[in-house]
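Chemist: pasting the structure only:
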Ligand SMILES: Nc1ncnc2c1ncn2[C@@H]1O[C@H](COP(=O)(O)OP(=O)(O)OP(=O)(O)O)[C@@H](O)[C@H]1O
Ligand SMILES: Cc1cn([C@H]2C[C@H](O)[C@@H](COP(=O)(O)O)O2)c(=O)[nH]c1=O
């Protein structure tokens, strides 16, 4: 089973993902951008404010490598896989970065590229914080960590949730870290017992 954690920068995904290592040590933990040279290239593109279309394709290359090297082998081995960010980050962030470009429907374009090869998550836990809280917590250190940009990203996540409400579980990320971790652990416990893991 593939569970993904999604949300704005600073929503608390990594805090939760790290806590899950203790409560669910049996899972395979992974993330995007990955810790590979593809991930390094993505991080360099973010730091350099690279062209948004070029950045999309670097993120997509990282995702293809992530699928073939980590995600598909672990799922074929019937493992629980928990990823800190995954394809929805691309649909939400790069669609916002490409709004105003020559692409008339950026999110549909990005989803179209992915649909040929990706593996959809079984469940996505969306840690919900407002863009101002997200920008303040993340420290506004890169081009994406800006409240106005994150407001566009948030509205893209809401579109994704509206389109597939059965896949997403929303958790209030403005609660204390302990309460957010408890909520996510309860969700993962329920999903793994339903799935027989
Ligand atoms: N529920 C919370 N309440 C207050 N602060 C929090 C909460 N969860 C995390 N934080 C703090 O917010 C900051 C960002 O948290 P974290 O790295 O987990 O977020 P993230 O969603 O992984 O961010 P990014 O996507 O930018 O990597 C950290 O300083 C963390 O300690
Ligand atoms: C996977 C992915 C990430 N991003 C953005 C979101 C963050 O601002 C950075 C790095 O992610 P991290 O969780 O802070 O390590 O990259 C993106 O724009 N598109 C993506 O697909």
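Modeler: Yep, that arrived. Source: prediction; values computed, not measured. Numbers count the residues shown, from 1 in each chain. Ligands and ions are numbered 1, 2, ... in the order given.

Chemist: does stretch 25-33 come close to ligand 1?
Modeler: No - judged by CB under 6 Å from any ligand atom, stretch 25-33 and ligand 1 are separated, with a smallest distance of 9.1 Å. Placement of C-beta: from N, CA and C, glycine included.

Chemist: hmm, that stretch in reach of ligand 2?
Modeler: Yes - using CB under 6 Å from any ligand atom, we find that stretch 25-33 touches ligand 2 at 32, 33.

Chemist: Quick check: end-to-end length of stretch 57-75?
Modeler: End-to-end distance for stretch 57-75: 25 Å, by CA to CA, to the nearest Å.

Chemist: Are that stretch and ligand 2 in contact anywhere?
Modeler: Yes - using CB under 6 Å from any ligand atom, stretch 57-75 comes into contact with ligand 2 via residue 59.

Chemist: who touches that stretch?
Modeler: Stretch 57-75 has contacts (CB atoms under 8 Å, 6 or more residues apart in numbering) with 1-2, 28, 30, 32-34, 36, 38-39, 41-42, 45, 50, 81, 83, 86-87, 89-90, 94, 113-114, 117-119.

Chemist: near ligand 1, which residues of this structure?
Modeler: Residues of the chain lying near ligand 1 by CB under 6 Å from any ligand atom: 7, 9-15, 137-138, 173, 175-177, 180.

Chemist: Looking at the residues you listed, which are in helices?
Modeler: 13, 14, 15, 137, 138, 177, 180 (DSSP state H).

Chemist: I would like a PyMOL command selecting only the buried ones among those residues, please.
Modeler: Command for PyMOL that selects the buried part of these, burial taken from 16 or more other CB atoms under 10 Å:
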select buried, resi 13+15+137+138+180
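
Chemist: could you pull out the strands for this protein?
Modeler: 2-7, 28-31, 81-84, 123-128, 168-172 (DSSP state E).

Chemist: what's the burial count for residue 145?
Modeler: By other CB atoms under 10 Å, the residues close to residue 145 number 20.

Chemist: Sweet, I'm off.
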